[in-house]
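Q: Whatever this is, show me its structure:
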Amino acid sequence: MRISTLQQLAGSETELGVVYASVEGVNEKSYEECLHELKAKAAALGATGLVGLQLVQSQFQWNQRTSLLATAVK
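A: Got it, this is the predicted structure:
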C-alpha cells in the first residue's frame, strides 16, 4: 500500500474517504500499531494507498495516545 504525507493523487487515483486510527501510548511501537490499524481500515474500503498522512500524539498524564489520519485512495 502506498503511503504519503503529500496530498497529491496519482493520475488514476480516486479518493475513497478519510480513515482514522488511534491507540494507547506514545512511542515507536504505538506508531507502528496505529499505522497497522489505519492500513487495515483503508484496505477494508478497497484502498490501494493513503495520502495526506497526519500524526497526532497526545501526552496528557492520564491518556497518552497516538493517532493517525489520512485519505484513502484507490
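
Q: so when I look at Ala40, I'm seeing a strand, right?
A: No. If the criterion is DSSP: H, G, I helix; E, B strand; the rest coil, then Ala40 is helix and not within a strand.

Q: Quickly list what the nearest residue to Asn27 once chain neighbours are set aside is bridged to.
A: Closest residue to Asn27 apart from its sequence neighbours, by C-beta to C-beta, 6 or more residues apart in numbering: Thr66 at 7.9 Å. For the C-beta atoms, the positions are set from N, CA and C on the backbone; glycine is no exception. Taking DSSP bridges, one obtains Val23, Gln57 as the residues bridged to Thr66.

Q: Count the residues that sit near Thr66.
A: Using other C-beta atoms under 10 Å, Thr66 has 24 other residues around it.

Q: what does Val19 give?
A: Neighbour count of Val19, defined by other C-beta under 10 Å: 21.

Q: Assign it to helix, strand or coil.
A: With three-state DSSP as the basis, Val19 sits in strand.

Q: That one and Ala47, how far apart?
A: Note on Val19: its distance to Ala47, by C-beta to C-beta, to the nearest Å, is 8 Å.

Q: Kindly report the same for Lys29.
A: The gap separating Lys29 from Ala47 is 24 Å, by C-beta to C-beta.

Q: Pick out whichever of those two has more residues nearby.
A: Using other C-beta under 10 Å as the criterion, Lys29 and Ala47 rank with Ala47 on top: 24 against 11.

Q: Go ahead and confirm the more buried one touches Thr71.
A: No. The criterion here is C-beta atoms under 8 Å, and Ala47 misses it with Thr71 at 9.0 Å.
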